[in-house]
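Participant: output the structure for:
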Amino acid sequence: MKSHILGLRLASIIFGLMSLVQLGRLVIRPEMFVAGYRIPLWPSALAFIVMGGLSIWLWKLTRTSIN
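Facilitator: Next comes the predicted model:
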């Protein structure tokens, strides 16, 4: 396997795992505070969508690079 394909797959897996962590935060709905201010959930929803999209995109790039 070529090193650039391996790098894309590794990045895809990392983005996928981070996306799942954000989804977990949305499901569990913990209250998070920084310096006394409550952190809203909408950034986690946005992060889930963006990182999930990047994960899928990078994985598809590796599939087209092989052929």
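
Participant: in the least confident helix or strand in the chain by mean pLDDT, what's buried?
Facilitator: Using mean pLDDT, DSSP states H and E, helix 42-66 stands out as the lowest-scoring helix or strand of the chain, at a mean of 91. For helix 42-66, burial by neighbour count (16 or more other Cβ atoms under 10 Å) applies to S44, A47, F48, M51, G52, L54, S55, L58, W59, T62. C-beta here means a position set from N, CA and C on the backbone, and glycine is covered the same way.

Participant: what about A11, neighbour count?
Facilitator: A11 has 16 neighbours, counted by other Cβ atoms under 10 Å.

Participant: before we move on, what about the one 5 residues further on?
Facilitator: Number of residues near G16 (other Cβ under 10 Å) recorded here: 17.

Participant: report the contact partners of it.
Facilitator: By Cβ atoms under 8 Å, 6 or more residues apart in numbering, G16 lies in contact with M51, G52, S55.

Participant: just give me the closest of these to I5.
Facilitator: Proximity of the contacts of G16 to I5 (Cβ to Cβ) peaks at S55, which lies at 15.2 Å.

Participant: right, and that closest one touches Q22 too?
Facilitator: No. Applying Cβ atoms under 8 Å, one finds S55 not in contact with Q22, separated by 11.5 Å.

Participant: how about A47: what's its closest non-neighbour residue?
Facilitator: What sits nearest to A47 in space, not counting adjacent residues and going by Cβ to Cβ, 6 or more residues apart in numbering, is Q22, at 4.5 Å.

Participant: what helix or strand does that neighbour sit in?
Facilitator: Following DSSP states H and E, one finds Q22 within helix 3-28.

Participant: spatially nearest residue to G52 (excluding sequence neighbours)?
Facilitator: Per Cβ to Cβ, 6+ apart, closest to G52 is S19, 4.2 Å.

Participant: same question for M18.
Facilitator: Once flanking residues are discounted, M18 sits nearest to M51: 5.1 Å by Cβ to Cβ, 6+ apart.
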